[in-house]
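S.K.: Sequence and predicted structure are below.
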Amino acid sequence: QVQLVESGGGLVQAGGSLRLSCAASGRIFSVNDMAWFRQAPGKQRELVAAITRGGSTNYADSVKGRFTISRDNTKNTVYLQMNSLKPDDIAVYYCNSGGGLYSGGYYPGRYWGQGTQVTVSS
C-alpha cells in the first residue's frame with residue numbers, strides 16, 4: 001500500500017499563488033509516475049499535471065504556463081506550484097500514484113490522497 005498526504009491548499013485572491021505538496025509513504029518502491037488531479041463542484045475529476053520519476057511532465061492545457069509540477073525523490077514528495085490562480089481553478093486537488101504518464105496524458109493509479117481544497121476569490 002501507498003499512503004499519500006496532500007497539504008498546501010487554502011484561500012487565495014485571483015492572481016495569487018499556492019504550492020501544494022503530496023508526501024508518499026509505504027511501498028515507496030512502487031511509486032514511479034505521480035500526478036495531480038482536481039475536481040470542481042458538479043464536474044468530473046480531471047488531470048492537472050503528471051510527472052515521471054525522471055522528471056518528464058504533462059500538463060492540462062488549462063494550466064500550461066501557470067502551474068509547475070515537480071518532485072523530490074529523496075523526500076518522496078511531489079509538488080504543484082500554482083501561479084496566476086483564477087476562479088476557474090477552484091476545486092479539491094488530489095494526488096495520485098501508481099499510474100503512468102504517456103504521450104497523451106496520464107492514466108491514474110489506485111492510490112489517492114484525501115484531497116486539499118483550493119479556493120480563489122475574485
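M.R.: Sure, I can see it.

S.K.: Look up how far Ser122 lies from the residue nearest the centre of the chain.
M.R.: Closest residue to the average C-alpha location of the chain: Trp36 at 2.1 Å, with C-alpha atoms, centre = their mean. Using C-beta to C-beta, to the nearest Å, Trp36 is found at 23 Å from Ser122. From N, CA and C alone the C-beta is placed, and that goes for glycine too.

S.K.: Next: Gly16.
M.R.: 11 Å.

S.K.: try Gly26
M.R.: From Gly26 over to Ser122 (counting by C-beta to C-beta), the distance is 39 Å.

S.K.: More neighbours: the two, which one.
M.R.: Comparing Gly26 with Ser122 by neighbour count (other C-beta atoms under 10 Å), the higher total belongs to Gly26, at 14 against 8.

S.K.: Worst mean pLDDT across the helices and strands of the protein, which element?
M.R.: In the chain, no helix or strand scores lower on mean pLDDT, DSSP states H and E than strand 100-102, which sits at a mean of 90.

S.K.: Pull up the pairing partners for it, direction included.
M.R.: Strand 100-102 has its sheet partners listed here by DSSP bridges as strand 105-107 (antiparallel).

S.K.: tell me which residues in the strand it pairs with are buried?
M.R.: Tyr106 (16 or more other C-beta atoms under 10 Å).

S.K.: Give me the residues contacting it.
M.R.: Identification of contacts with strand 105-107 by C-beta atoms under 8 Å, 6 or more residues apart in numbering yields Asp33, Ala35, Leu47, Ala50, Asn58, Gly99, Gly100.

S.K.: All good on my end, thank you.
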